[in-house]
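1. Below is the structure, and that's it, no one-letter string:
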């Protein structure tokens, strides 16, 4: 007795048919199906290829369909920093121009005050009346003869 559900028996072969060998039997699911793809050398013809020989198509990754900003945020920050720095430096230049005008005005006022202080000190201290009197007489004669008397 065997472990098979029925006893193993050699069945009689029908006459006129050749015996079936297990290696010759090919079931539908055992073989790879053949597909026809375009010939790489002549696209108008097709070539038969086993499906297992083809590389599987990679699925495309899902796309992000959320609306994107019109400008790159990092570029916006760079442009903002550049514009802000330019405005800051322009304002600093305007401040220095105003400061230089104030300093110039103060130096002009200082010079005026210094002159007035000198004039006032001369008046208050009563400096000398008059000053040094110098007479110069220059006599010029013909042919470059000159004579000067001090």
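-> In hand now; what should we look at? Predicted model only: the values in this text are computed from it and were never measured. Numbers count the residues shown, from 1 in each chain.

2. Now the element after the helix or strand encompassing residue 94, going C-ward?
-> Using DSSP states H and E, residue 94 falls within helix 73-125. Sequence-wise, the next helix or strand downstream of helix 73-125 (DSSP H and E) is strand 137-141.

3. elements contacting that next one?
-> The helices and strands touching strand 137-141, judged by 3 or more C-beta pairs under 8 Å, 6 or more residues apart in numbering; DSSP states H and E, are strand 145-149. Just so you know, the C-beta spots here come from the backbone N, C-alpha and C atoms, and that holds for glycine as well.

4. So in that sheet, which strands flank the strand it packs on, and in what orientation?
-> Within its sheet, and counting by DSSP bridges, strand 145-149 is paired with strand 137-141 (antiparallel).

5. How far away from the center of its chain is stretch 99-112?
-> In this view, stretch 99-112 has its centroid 46 Å away from the chain centroid, taken as C-alpha atoms, centre = their mean, to the nearest Å.

6. which stretches of this structure have low pLDDT?
-> Scanning the chain for pLDDT under 70 picks out the ranges 1-30, 127-131.
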